[in-house]
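Engineer: sequence first, predicted model second:
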Amino acid sequence: MTAYAFWNNKGGVGKSFLSFVAATEYARAYPDTDVYVIDLCPQANVSEMLLLNSDILTNTDDNDEISDDENYNVIRKNYDVINKLIGKTPRATVAGYLEARLNSPFRTLEDVSPYVYRPRDFNRKLPVNLLLVCGDYLLEILSEAIRQTSQLAIPTDAWKKVLSWIKDLTFALRKRSGTRDTLFILDCNPSFAIYTQLALAAAENLIVPFTPDDSSRRAIENVVALIHMNGTSNPKIDAYAKINFAKRAKDEDLDIPKLHTFVSNRVTLYRGKASKAFEAVSESIKTTLDDLHKKHRQIYAYPKDLPSERFIEIPDYHSACVVMTVKGIPLESLQPGPHDVHGKRVQINSEPLDRYRKALTEFVSYL
């Protein structure tokens, strides 16, 4: 069993999209492995991508415009799947599982099948061995109840037990898969809310997507400071890091994910190479992490390797990304040519698509 959390303390860096690619491509490449996506973001973006039926969205000729009413009905029919899962009793979502844990905080659930859904039942382009614990907006509402439960004085290890709820879920799902191999993809919210902490406590490895800008560099420093108390290049951040999650996790022997891979996403290319501006910021981030590695190798999944050797660059191809995420099409199934997206014609060209596919395939190979 291997579990990867996708997280950065900054929004808009492509966490959910990369989770979608990682899950669908790994499941396709390894049909004997059950790939579970656990969506721990209240926006449920990766769940929406997996539950979008591209066959419904392509029921018109790509050369034809569809009306606003037709477009609305297509979108509504797709999103009704998540509403259906939310409407079940118990909710067939990650929030349903967490509600059950709140009702019995310190007793594990033997049967987690009510909270698991096979996206292929709706989207036929997805592998049959891909499974989903759907995201849910109720996460935000439950978060305070979860936090308060973790602060109970009795049992004395209440915090660690509560922070292990999602890890317990991965163990139960592993048992559900029997003798089959398993891989877990946990999509996280940018905030360091309790549900993000639950995800991180369940993961062995951390994938950190970022965009090559200075705010991403600061966000990556926050990632290190929040989950590892070993220090960053910013003493002011370090001072606070030592009194929160990182210190308590160490004191209570709670496992923390190692820094695994850094994904420079949406890189602007010029003549096949990253633009100078993007390259300069990326090099700054690499230097920051390499310097940290000199003193704190133990926080990295590959302590013998420089962090800069675990960087992947994904070129920006906005059209392909939009088609995949809006129509629920996995990377392998995406074809060049015209595509209809909400009544608009979007052209996917072969050369940039091949470059995009190659970079994303290399990323998945790191898992």
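Structural biologist: Now that the structure is in, tell me what you want to look at. Numbers count the residues shown, from 1 in each chain.
Engineer: quick one: low-confidence parts of the stretch 201-350 of the chain?
Structural biologist: 229-243, 266-275, 277 (pLDDT under 70).
Engineer: can you show me the helices along it?
Structural biologist: 214-227, 235-241, 245-251, 276-295, 318-327, 350-365 (DSSP state H, counting those that start in this stretch).
Engineer: just the angle between the longest one and helix 214-227, please?
Structural biologist: Right, the one you point to is helix 276-295. Orientation of helix 276-295 against helix 214-227 (axes from the mean of the first three to the mean of the last three Cα atoms, to 10 degrees) gives an angle of 20 degrees.
Engineer: report all helices and strands that the lengthiest strand in the chain contacts.
Structural biologist: Scanning the chain for the longest strand, with DSSP state E as the assignment, gives strand 258-267. Identification of packing neighbours for strand 258-267 by 3 or more Cβ pairs under 8 Å, 6 or more residues apart in numbering; DSSP states H and E yields strand 205-210, helix 214-227, helix 276-295, strand 311-315. Every C-beta, even on glycine, is put in place using the N, C-alpha and C of the backbone.
Engineer: what is the orientation angle of the second one with strand 205-210?
Structural biologist: Taking the same axes, to 10 degrees, helix 214-227 and strand 205-210 form an angle of 160 degrees between their directions.
Engineer: one more: the longest one?
Structural biologist: Following the same axes, to 10 degrees, one obtains 150 degrees for the angle between helix 276-295 and strand 205-210.
Engineer: and for the shortest one?
Structural biologist: With the same axes, to 10 degrees as the criterion, the two stretches strand 311-315 and strand 205-210 enclose an angle of 40 degrees.
Engineer: give me the sheet partners of strand 311-315 and which way each runs.
Structural biologist: Strand pairing for strand 311-315, using DSSP bridges, gives strand 258-267 (parallel).
Engineer: how far is the strand it pairs with from where the chain is centred?
Structural biologist: 12 Å (Cα atoms, centre = their mean, to the nearest Å).
Engineer: what's that strand in contact with?
Structural biologist: 4, 13-14, 18, 204-212, 220, 223-224, 274-275, 278, 282, 285, 289, 299-302, 307, 310-316, 318, 363, 366 (Cβ atoms under 8 Å, 6 or more residues apart in numbering).
Engineer: buried subset of these?
Structural biologist: Buried members of the contacts of strand 258-267, counted by 16 or more other Cβ atoms under 10 Å: 4, 13-14, 18, 204-212, 220, 223-224, 274, 278, 282, 285, 289, 299-302, 307, 310-316, 363.
Engineer: mind listing the helices for the stretch 1-150 of the chain?
Structural biologist: 15-29, 45-50, 54-57, 68-87, 94-103, 138-150.
Engineer: can you report how many residues lie near the residue lying closest to residue 34 once chain neighbours are set aside?
Structural biologist: Distances taken as Cβ to Cβ, 6 or more residues apart in numbering place residue 177 nearest to residue 34, at 4.4 Å, with adjacent residues excluded. By other Cβ atoms under 10 Å, 15 other residues sit near residue 177.
Engineer: ditto for the one 3 residues further on
Structural biologist: Summarising burial for residue 180: neighbours were counted as other Cβ under 10 Å, giving 11.
Engineer: do the same with residue 367
Structural biologist: 19.
Engineer: wait, it touches residue 21, no?
Structural biologist: No. Counting by Cβ atoms under 8 Å, residue 367 sits too far from residue 21 to count as a contact (10.6 Å).
Engineer: got the contact list for residue 207?
Structural biologist: By Cβ under 8 Å, 6+ apart, the neighbours of residue 207 are 4, 5, 6, 7, 18, 22, 260, 261, 263.
Engineer: now do 10 Å
Structural biologist: 4-8, 15, 18-19, 22, 185-186, 188, 257, 259-263, 301, 310, 312, 363, 366-367 (Cβ atoms under 10 Å, 6 or more residues apart in numbering).
Engineer: and the helices and strands packed on strand 258-267: which comes nearest residue 103?
Structural biologist: Nearest to residue 103 among the helices and strands packed on strand 258-267 is helix 214-227; the distance by Cβ to Cβ comes to 28.8 Å.
Engineer: returning to that earlier point: anything in contact with each of residue 367 and residue 21?
Structural biologist: residue 185.
Engineer: relative to residue 102, how far out is the nearest residue to residue 143 once chain neighbours are set aside?
Structural biologist: Spatial nearest neighbour of residue 143, excluding adjacent residues (Cβ to Cβ, 6+ apart): residue 194 at 5.0 Å. According to Cβ to Cβ, to the nearest Å, residue 194 and residue 102 sit 12 Å apart.
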